[in-house]
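# Coordinates for the following, if possible.
(one chain, ligands or ions: 2)
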Amino acid sequence: MTLPGSPFLAYRGKELFLEDCSLDELAGRHGTPLYVYSQAAMLAALAPYQRGFAGRDHLICYAMKANANLAVLQTFARAGCGFDIVSGGELERVLAAGADPGKVVFSGVGKTRAEMRRALDAGVLCFNVESEAELEVLSQVAVAEGRTAHISLRVNPDVDANTHPYISTGLKGNKFGIAHDGALAAYRRAAELPGLAAAGIDCHIGSQITTPGPYLDALDRVLDLVEAIEATGLTLQHLDLGGGLGIRYTDEQPPAADVLIGSLLQRIDARGHGHRKVLMEPGRSLVGNAGVLLTEVLYLKPGEAKNFCVVDAAMNDLMRPAMYQAYMRIDPLRQRDETPVTYDVVGPVCESGDWLGRDRALAVQAGDRLAVLSAGAYSMSMASNYNTRGRAAEVMVRGTEAQLVRERESVADLFKGERLLA
Ligand SMILES: Cc1ncc(COP(=O)(O)O)c(C=O)c1O
Ligand SMILES: N[C@@H](CCCC[NH3+])C(=O)O
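Ligands and ions are numbered 1, 2, ... in the order given. Below is the predicted model:
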């Protein structure tokens with residue numbers, strides 16, 4: 001039986017496998033909580049992007065905030081991808097993974113001067129600038145470094161991506177990007193400033209988007225702007241359409257990436273912009289369904305109002321349920337024949353919001369292990385040390401092989417650098 005979301009995750013008999021690796025066996029070997037990723041699933045998620053852009057001048061910049069493990073970055077770099085970064089730390093990871101900084105776009109509303117300097121020295125492809133104030137600072141930093149910063153303005157097209165309010169980014173009320181109405185003036189200002197060269201235009205309207213409509217609306221708004229900007233004599237080369245394509249957590253039916261890209265390119269061509277290089281910044285859709293979080297059942301705790309299944313993974317390991325009330329499917333690593341009982345699956349952290357799943361029918365006993373599915377994106381990358389809990393280990397599966405790609409954080413690591421009062 002194959003589970004929804006990933007063709008690489010399936011029961012063989014009663015045991016759950018990711019590619020050709022038994023997840024229960026991996027959990028036994030490396031301990032829990034444990035993140036496990038399938039490289040084949042990542043490459044399979046990338047393939048429709050590559051198909052959609054075949055024959056076109058393009059760059060797929062993996063939005064590494066979704067999952068910044070070095071082995072994941074290596075996987076995408078070797079497949080030809082660039083990266084969308086939002087911090088100096090992410091840039092250092094790109095460099096540590098041996099990837100090409102010349103394929104990096106640098107987004108984010110709060111870039112510091114130090115981050116700008118480092119990115120200029122590394123030679124990133126483009127800064128996606130999010131305010132006029134940032135333009136002025138970037139110009140000063142570029143001049144001081146004796147370099148030219150290639151820029152796109154991230155335009156806020158005021159389009160509703162119809163997603164969770166915390167992950168919607170393209171509305172007037174969101175902090176991201178330069179208002180559509182102010183973009184032309186900002187490009188004019190950029191043209192006056194030393195050290196800057198306009199390379200393109202950028203937008204990103206949100207995450208976990210499951211219909212093509214908002215993308216096409218945003219594209220139209222962006223192309224309107226490009227036409228207005230070029231009418232003033234300025235030129236732009238590339239269009240960066242951001243990321244945001246959703247995945248299937250339960251019954252969502254997002255469009256396939258190649259279908260979405262097909263409609264976007266058709267619109268781009270129809271409006272006479274077919275000569276432009278197109279960038280995209282997908283994150284979740286490349287990794288979300290390529291990973292699982294493995295956890296062990298510590299205690300079953302029947303209650304009057306609720307039954308609790310207390311596991312050893314918590315909101316510090318996987319924040320999405322607590323933060324967005326996100327539904328993430330939970331399945332046992334070895335199926336039992338007993339009648340399922342309805343549980344809230346909760347972690348050891350001292351917060352009532354520390355749950356991974358609510359009202360889940362599970363046939364489990366203490367000591368059994370579970371997988372939280374679709375945990376390849378915004379899961380380990382959002383982990384924290386709350387309650388002084390070390391972050392989980394990570395394993396990358398390739399066929400029958402499974403390699404530890406990040407060690408479990410030890411408790412000693414957690415207060416390294418702290419000092420007792422003198
Ligand atoms: C600027 C930017 N690009 C790309 C992404 C990637 O989004 P997603 O993981 O939804 O594809 C994000 C996150 O929403 C983002 O903020
Ligand atoms: N962290 C969010 C996605 C954020 C997208 C970044 N702008 C999630 O888990 O769904």
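# So which bits of the stretch 201-350 of the chain are right by ligand 1?
Proximity of the stretch 201-350 of the chain to ligand 1, by C-beta under 6 Å from any ligand atom, involves residues His204, Ser207, Gly242, Gly243, Gly244, Leu245, Glu281, Pro282, Gly283, Arg284, Ser285. No exception for glycine: its C-beta is placed from N, CA and C like everyone else's.
# ok, so of those, who is nearest Leu370?
Arg284 (22.0 Å; C-beta to C-beta).
# Asp121: neighbour count?
11 (other C-beta atoms under 10 Å).
# Could you say which helix or strand holds it?
For Asp121, the element it lies in under DSSP states H and E is helix 113-122.
# Find the centremost residue of the chain, please.
Ranked by distance to the mean C-alpha position of the chain (C-alpha atoms, centre = their mean), the top residue is Ala66 at 2.2 Å.
# For the closest residue to ligand 2 within the stretch 1-150 of the chain, what are phi and psi?
Residue of the stretch 1-150 of the chain nearest ligand 2, by C-beta to the nearest ligand atom: Lys65 (5.9 Å). Here is the backbone geometry of Lys65 (degrees, to the nearest 10): phi -60, psi -20.
# Make sure Val143 is actually in contact with Leu196.
No: at 9.3 Å, Val143 does not count as touching Leu196 under the criterion of C-beta atoms under 8 Å.
# ok, those two, which is more surrounded?
Remark: of Val143 and Leu196, Leu196 carries more neighbours, 22 against 15, as counted by other C-beta under 10 Å.
# Next, Tyr37: secondary structure please.
Look at Tyr37: counting by DSSP: H, G, I helix; E, B strand; the rest coil, its state is strand.
# hang on, isn't it packed against Asn289?
No: here Tyr37 does not reach Asn289: they are 10.4 Å apart, not a contact under C-beta under 8 Å.
# Pull up the overlap in contacts between the two.
Gly376 (C-beta atoms under 8 Å, 6 or more residues apart in numbering).
# Tell me the helices and strands packed up against the next helix or strand after the helix holding Asp121.
Heading C-terminal from helix 113-122, the first helix or strand you meet, by DSSP H and E, is strand 126-129. Packing partners of strand 126-129 (3 or more C-beta pairs under 8 Å, 6 or more residues apart in numbering; DSSP states H and E): strand 104-106, helix 132-145, strand 149-156, strand 196-202, strand 238-240.
# Give me the contact list for the longest one.
Under the criterion C-beta under 8 Å, 6+ apart, residues 109, 111, 113, 116-117, 120-121, 127, 129, 148-149, 151, 153, 178, 182, 186, 189-190, 193-196 lie in contact with helix 132-145.
# if we can go back for a sec, quick one: the residue nearest to the centre of the chain from Ile167, how far?
Using C-beta to C-beta, to the nearest Å, we find Ala66 at a distance of 12 Å from Ile167.
# roughly how far apart are whichever residue of the stretch 301-422 of the chain sits closest to ligand 1 and Tyr187?
At 6.2 Å from ligand 1, Ala377 is the closest residue in the stretch 301-422 of the chain, using C-beta to the nearest ligand atom. As judged by C-beta to C-beta, Ala377 and Tyr187 stand 33 Å apart.
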